[in-house]
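>>> when you get a sec, could you give me coordinates for this:
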Amino acid sequence: MKLENLTIGQFIQCKTISEFETDVLDKSIKMLSIVTNKTFDEIEAMPVNELTDALKQFNEIEKLTDTTKVRMKFKVKGRRFECIWQTQKLGANQYIDATSFCKNEKEIVNNIHNILASICVERTWYGKKMKYNPENHKEIADLFYNHMKITSAYPIMLFFCKYFEELHNNILIYLEEAAEKSMKMAMNHPKVVEVLKKSGGGLQS
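Modelled structure (predicted):
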């Protein structure tokens, strides 16, 4: 099985095995069992060189960086979707759902399908974007988990999370600067100055 055929679900399962399974041979057999739907006996019967070649594909996932071409419009099982990657264009429900799955940085990869189900909307055959329905989130997330290819999902997830993080940091900087500016304005207000003078506080330059 080639990397481009690996689904989100298969990738997440393989990632979990890779992180927690210490025995190299057991790890290899379990991962191949997931992506090939073969039994352990069938995999164990494979020649070592074939087993090694089959496992090389898992290293290719590291090449799926943010430089990989990102396709914001895609199909899954014949259904059309479009990613709304700009957070200011997300609906309130979408933003809340997406944020909830991005809170724990360590779990982001395991939540690829949930993040995408939050920021993607279905499109009609003639291109009209449908409204996001939070009640359908699990159904869409399951569809992505079981059928969307990781080569399509991973670049979108990286792109959105990078944009989301930068926007979040910019908002924090803006709020800090706005708060500081507001504080200076308040402290220089005539009534505040008068109160501070009476209390003996005064303003320090």
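>>> thought residue 10 was touching residue 35?
Yes: in this structure, residue 10 is within contact of residue 35 by Cβ atoms under 8 Å, at 5.3 Å. To be clear about C-beta, it is placed using only N, CA and C from the backbone, and glycine gets the same treatment.
>>> and the residue most central in space within the chain, what does it touch?
With distances taken as Cα atoms, centre = their mean, residue 157 lies nearest the centre of the chain, 4.0 Å away. When the contact criterion is Cβ atoms under 8 Å, 6 or more residues apart in numbering, the partners of residue 157 are 108, 109, 112, 115, 116.
>>> that one and residue 76, how far apart?
If you measure residue 157 against residue 76 using Cβ to Cβ, to the nearest Å, the figure is 15 Å.
>>> could you chop this protein up by domain?
Here the domain parsing of the chain from automatic domain parsing is 3-63, 73-163.
>>> between its first and last residues, how far does stretch 135-155 reach?
With Cα to Cα, to the nearest Å applied, stretch 135-155 spans 26 Å between its terminal residues.
>>> can you start the count at 220 instead of 1 from here on
All set: I'll call the first residue 220, so the last point we hit is now stretch 354-374.
>>> mean confidence score for it?
Per-residue pLDDT over stretch 354-374 has a mean of 93.
>>> so how far is it off the chain centroid?
11 Å (Cα atoms, centre = their mean, to the nearest Å).
>>> same check on stretch 291-304?
With Cα atoms, centre = their mean as the basis, the distance from the averaged C-alpha position of stretch 291-304 to the chain average is 15 Å.
>>> same check, this time on stretch 310-317
With Cα atoms, centre = their mean as the basis, the distance from the averaged C-alpha position of stretch 310-317 to the chain average is 14 Å.
>>> picking up where we left off before, most packed of the domains of the chain?
Between these, the one whose residues have the most neighbours on average, counting mean count of other Cβ atoms under 10 Å, is domain 292-382 (a mean of 17).
>>> off-centre distance for that domain?
In terms of Cα atoms, centre = their mean, the centre of domain 292-382 is found 8 Å from the chain centre.
>>> distance between the ends of that domain?
With Cα to Cα as the measure, domain 292-382 spans 18 Å from end to end.
>>> which secondary element of the chain has the worst mean pLDDT?
Here the helix or strand of the chain ranked lowest by mean pLDDT, DSSP states H and E is helix 409-418, holding a mean of 53.
>>> tell me where the model's unsure across this structure.
Applying pLDDT under 70 to the chain flags residues 220-223, 274, 276-287, 383-424.
>>> and the helices in it?
The residue ranges that make up the helices of the chain, judged by DSSP state H, are 227-239, 243-255, 259-263, 267-274, 311-321, 331-338, 356-366, 369-406, 409-418.
>>> let's have these in a markdown table, adding distance to residue 302.
Conversion of the helices of the chain to a markdown table gives the following (distance: least, Cβ to Cβ, whole Å):
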| stretch | distance to residue 302 |
| --- | --- |
| helix 227-239 | 14 |
| helix 243-255 | 25 |
| helix 259-263 | 36 |
| helix 267-274 | 31 |
| helix 311-321 | 11 |
| helix 331-338 | 6 |
| helix 356-366 | 11 |
| helix 369-406 | 5 |
| helix 409-418 | 48 |
